[in-house]
Structures are given as C-alpha cells and as structure tokens.
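Colleague: Just to be clear, the model below is a prediction. Sequence and coordinates:
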Amino acid sequence: MFLLMVVVFVLGYAAIALEHPLKIDKAASALLIGVLTWTIYALYGPQIIALGHSVTWPEWTRMHESEHVMRFVKNELGHHLIEIAEILFFLLGAMTIVETVDKYQGFKIITDKITTTNKVKLLWILSFLTFFMSAALDNLTTTIVLVALLRKLIEDQKTRWFFASMVVLAANAGGAWSPIGDVTTIMLWVKGNVTTGPIIKDVILPSLVTMLVPLTIVSFTLKGNITRPKLDESSNAILTTHKEQLLMLIVGVCALLFVPVFKTLTHLPPFMGMLFGLGVIWTLTEILVRKKTAEQRSQLTVISVLKKIDLATIFFFLGILTAVAALQSAGHLNIMSSWLDKTTGGNIYIINLVIGVLSSIVDNVPLVAGAMGMYAVDPNVGAFAVDGTFWQFLAYCAGTGGSILIIGSAAGVAAMGMEKIDFIWYFKKISLLALIGYLAGAAFYYIEATILWH
C-alpha cells in the first residue's frame with residue numbers, strides 16, 4: 001500500500017500531462033489523486049507509517065484501532081490543509097485583484113505604453129519586467145499580472161502560450177534571489193537559513209543567467225511581429241473613465257506590493273495581506289459604481305468579477321498539493337531525501353541540482369522542507385551556516401528548477417490554468433530551454449561560490 005500511493009500519484013500525474021488527448025480536465029485528475037492518496041493512507045495507516053517512518057511494528061500496534069488511525073490521519077491532513085489553504089486564498093485574492101483591475105481597463109494604460117510589436121523586443125521587455133517584479137511581489141502574483149497583460153497584447157493563442165511560458169521562466173528566476181520572491185525562499189528566510197543581503201548579492205546573477213540564456217537562444221529563432229487583439233471598444237469605453245482606470249491600476253498594484261510589507265510588519269501569512277488588499281479594492285469599487293447605471297454596476301462590481309474567476313485552477317492546486325502532502329506525511333519524500341544524501345555522498349551541489357529537477361515534478365515546498373529537516377544550520381562558518389552555500393544554492397535550485405515542467409511551480413500552474421497551456425506543448429517547446437538556463441545558472445553559481453568570491 002506504501003507503493004500504491006506512489007502508483008496512484010504517478011498515474012494521476014500522467015493523466016494531468018495527457019489532459020488534452022484524454023479530454024479530461026487536469027483539475028479532475030488532481031482532485032482524484034489528492035483524495036485517493038489520503039484514502040489509502042487512512043485505510044492502511046499502520047503499514048504505511050511503519051515503512052515510511054522506519055518505526056518498529058509494535059510502536060504502531062495501537063494504530064490498528066480505526067479510531068486511532070483516523071485521529072492520526074486527520075491531524076496530519078489538518079496540518080497540511082492550513083498550508084494549502086494559505087496558498088489557495090493567496091491565489092484567489094491575487095486573481096480577483098488582477099481581474100478587477102483588468103475589468104476597469106487599468107492594464108490598458110500599461111499596454112498603450114508598450115508600442116512595439118516586434119516579438120524579440122517585446123519578449124525582452126516583458127522578461128526583464130517580470131524578473132524584477134517577481135522579486136518585489138512574488139513569482140505567482142507577477143505571473144498572474146503578466147499573463148493578464150499578455151491577453152491585451154497578443155491575439156494568437158500559441159504565441160501567447162510561448163510568451164506566457166517565458167514569463168514563467170523569468171518569474172521563477174526573479175523569485176529565487178529575493179527573500180520574498182518565492183515560497184521556498186520565504187521558508188529559508190523566515191527560518192533564518194538565509195538573510196536578505198547575502199541571498200540577493202550571491203544569487204541574483206545566477207538567476208539572471210537562468211533567464212538570459214533561454215532568452216538569448218530564442219532571440220535567434222523568434223521572427224516576425226505580434227498581432228494585437230481587437231478590443232471591443234464600443235462596449236468597454238462607456239464603462240470607465242481614464243481617471244478610474246488609473247486609480248484602479250495604482251490601487252491594484254499598491255495592494256499587491258503591500259503584501260510583503262504587511263507580512264514584515266505583522267508576521268502574519270502573506271494571504272492575509274492579499275485579502276486585505278482585496279478588501280480595499282472591493283470597497284473602492286462599491287464606491288465607484290454608485291454613480292453608474294444599473295447595467296454598468298452589474299459588470300464593474302467585484303461580485304461580477306468573482307463569477308469569472310477560473311475556479312478550475314483553484315481546484316487543480318487543491319488536488320495536486322493535497323496529493324503531495326500525502327506523500328510527505330506518509331514518508332515517501334523523507335525516504336527520497338535520505339536516499340539522495342547517501343547516493344551523492346553528501347555533495348551539496350549534486351543534492352541541490354537533483355532537488356531542483358525533482359521540484360519540476362513534485363512541489364518544491366515539501367522538498368525544501370525535507371532538506372531543511374535533514375540538515376541543521378551550522379553555527380560555524382561553512383556550507384550549512386547561515387547564508388552558507390548549501391542554503392543559497394537550495395534557494396536557487398528549488399526556485400528555478402520548477403520551470404522545467406509547466407506543472408513544476410506555482411507560477412507555471414497559474415499560467416497553465418489561466419491560458420489553458422498544454423502540458424505536452426510546454427514540454428516540447430520550453431522544457432529544454434528551461435533546463436539549459438537552469439544548468440547555466442547553476443554553473444555560474446558554482447564558479448561564483450568556488451572561484452570568484454573565495
């Protein structure tokens with residue numbers, strides 16, 4: 001049954017990858033594997049725990065009683081549900097804010113400033129914008145904002161897929177060097193494994209290389225100009241004034257930027273800051289629509305925006321994160337981490353490189369959590385000291401390795417949900433580029449850590 005959980009996860013993952021050939025939405029597959037893995041865990045708890053946590057059978061004999069089994073599983077599920085709910089509420093709040101700004105045509109002010117239609121120039125502009133926005137906000141929020149912008153800039157779906165995928169690469173690269181840019185970097189920062197100054201100084205250049213290498217490669221093959229979508233100005237122009245568009249854009253961006261500030265000031269989870277921003281936006285729209293006609297009010301309220309939020313993406317996140325949580329709770333990820341440590345002989349560079357690649361398949365949060373559990377912060381100077389090579393390289397690898405597959409990062413999953421990007425298409429067109437960039441950035445960090453700074 002311990003192995004059956006892995007089999008269910010692998011089959012479900014394959015169903016997600018083959019979403020279009022199977023004609024089964026990925027959210028359905030994700031929900032099924034999330035529930036089934038926990039069901040197996042609940043029904044066969046004693047055997048699974050004995051194998052996954054390397055405990056002796058007598059220690060778990062009392063677990064034969066269904067009451068004890070269910071209490072244990074519920075406690076484990078409840079623990080993970082809190083973390084999953086934080087991510088889902090964060091995502092829901094960010095998507096609603098972005099959609100509200102879009103409904104008020106706030107992004108039109110930005111898209112009107114981007115006049116170039118040359119694909120290469122536009123790609124470089126958007127990539128650098130994404131890279132630095134991701135460090136200030138986070139890779140998930142930035143991806144949601146940029147994908148919303150792409151809908152206003154590019155009409156052709158496959159071209160938009162390509163640009164959205166490159167945005168994912170840039171967002172993950174930008175999030176890796178900032179203490180608030182990616183959830184895994186936040187974990188390392190909050191726990192005191194890394195500090196702000198050194199992580200920025202040592203990881204920003206490798207992260208930049210990770211973005212620049214794929215960007216340079218595609219610049220030689222990308223030809224032509226984009227075609228902008230024809231917006232229905234007749235229906236939208238009467239809804240909002242220029243002042244309202246500017247106001248909503250400023251308030252929306254400030255609400256997103258305030259999230260890391262809110263976290264720093266209150267030490268509350270980021271989703272609380274996001275919900276606060278949504279509350280401000282919601283209140284503002286209620287005031288703005290008072291002078292509108294009934295027809296305009298029906299389109300400009302947050303309630304109307306909520307009806308258009310892609311809930312399938314939320315359910316997909318719920319399912320896949322729940323399934324990974326089951327594997328973590330049952331001990332599969334701990335076994336994998338221990339095996340990795342023994343196989344590599346404790347080589348910190350190989351360990352982190354493999355963790356980065358694995359993060360494109362399995363969520364990087366439990367992988368980083370497992371690594372943090374396996375290794376303690378060394379009070380002395382060394383690879384495992386605060387701001388040591390191991391922790392910085394872990395932040396880089398876990399943050400950027402997820403770009404190798406579209407499902408490997410929160411940013412990728414958000415883009416996949418918003419634009420319905422095909423898993424196989426991404427694998428064929430983007431994965432090799434992402435892998436090359438990932439390895440190039442890793443090589444740069446290795447040179448930086450062993451030669452340049454030492």
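Modeller: Arrived safely, thanks for sending. Numbers count the residues shown, from 1 in each chain.

Colleague: Kindly provide the distance from Ile436 to Val7.
Modeller: Using CB to CB, to the nearest Å, one obtains 32 Å as the distance from Ile436 to Val7. For the C-beta atoms, the positions are set from N, CA and C on the backbone; glycine is no exception.

Colleague: Just want to know which of the two has more residues nearby.
Modeller: Neighbours of Ile436 and Val7, each counted by other CB atoms under 10 Å, are more numerous for Ile436; the result is 14 against 10.

Colleague: How about the more buried one: what's its closest non-neighbour residue?
Modeller: The spatial neighbour of Ile436 that comes closest, neighbours along the chain excluded (CB to CB, 6 or more residues apart in numbering), is Val213 at 6.0 Å.

Colleague: try Phe89
Modeller: The spatially closest residue to Phe89, leaving aside those adjacent along the chain, is Phe271, at 4.2 Å (CB to CB, 6+ apart).

Colleague: wait, what's in contact with the one you found?
Modeller: Contact analysis of Phe271 by CB atoms under 8 Å, 6 or more residues apart in numbering lists 86-87, 89-90, 93.

Colleague: what's around the residue lying closest to Glu155 once chain neighbours are set aside, how many residues?
Modeller: Ranked by CB to CB, 6+ apart and with sequence neighbours excluded, the top spatial neighbour of Glu155 is Pro229, at 4.2 Å. With neighbours defined by other CB under 10 Å, the count for Pro229 comes to 13.

Colleague: Please look at Pro229 and Leu150 and confirm they touch.
Modeller: No. Counting by CB atoms under 8 Å, Pro229 stays clear of Leu150, with 10.1 Å between them.

Colleague: who touches both of the two?
Modeller: Once CB under 8 Å, 6+ apart is applied, it turns out that Pro229 and Leu150 contact no residue in common.

Colleague: ranking the contacts of Phe271 by neighbours, who comes first?
Modeller: Neighbour tally across the contacts of Phe271 (other CB under 10 Å): the maximum, 25 neighbours, falls on Gly93.

Colleague: where in the stretch 301-450 of the chain is pLDDT low?
Modeller: 337, 363, 365-366, 369-370, 373-374 (pLDDT under 70).

Colleague: let's see it at 90
Modeller: Residue ranges of the stretch 301-450 of the chain with pLDDT under 90: 301-352, 354-356, 358-389, 398-399, 402, 405-424, 448-450.

Colleague: Can you report how many residues lie near the closest residue to Ser360 other than its chain neighbours?
Modeller: Spatial nearest neighbour of Ser360, chain neighbours left out: Gly408 (3.3 Å); criterion: CB to CB, 6+ apart. The burial metric for Gly408, expressed as a neighbour count using other CB under 10 Å, is 27.

Colleague: for Gly197, same thing?
Modeller: What Gly197 shows, counting by other CB under 10 Å, is a neighbour count of 10.

Colleague: ditto for the one 5 residues further on
Modeller: Asp202 has 22 neighbouring residues, counting by other CB under 10 Å.

Colleague: what about it, helix or strand, and which?
Modeller: helix 196-219 (DSSP states H and E).

Colleague: so what does that helix touch, helix or strand wise?
Modeller: helix 119-136, helix 157-176, helix 183-190, helix 389-400, helix 431-447 (3 or more CB pairs under 8 Å, 6 or more residues apart in numbering; DSSP states H and E).

Colleague: switch to 6 Å and redo it
Modeller: Counting contacts by 3 or more CB pairs under 6 Å, 6 or more residues apart in numbering; DSSP states H and E, helix 196-219 is packed against helix 119-136, helix 157-176, helix 389-400, helix 431-447.

Colleague: Surely the residue nearest to Ser360 is in contact with Gly402?
Modeller: Yes. A contact is recorded between Gly408 and Gly402 when judged using CB atoms under 6 Å, the distance being 3.6 Å.

Colleague: For the two, list the residues in contact with both.
Modeller: 359-360 (CB atoms under 6 Å, 6 or more residues apart in numbering).

Colleague: Not counting its neighbours along the chain, what's nearest Ala326?
Modeller: Once flanking residues are discounted, Ala326 sits nearest to Thr37: 3.8 Å by CB to CB, 6+ apart.

Colleague: Kindly report the same for Trp38.
Modeller: Ala326 (4.9 Å).

Colleague: so the one you found sits in a helix?
Modeller: Yes. With DSSP: H, G, I helix; E, B strand; the rest coil as the criterion, Ala326 is located in a helix.

Colleague: which ones are touching it?
Modeller: When contacts are counted by CB under 6 Å, 6+ apart, Ala326 is found next to 37-38, 41.

Colleague: among those, who's most crowded?
Modeller: Each of the contacts of Ala326 was scored by neighbours using other CB under 10 Å; the highest score is Thr37's, at 26 neighbours.

Colleague: Much appreciated, bye for now.
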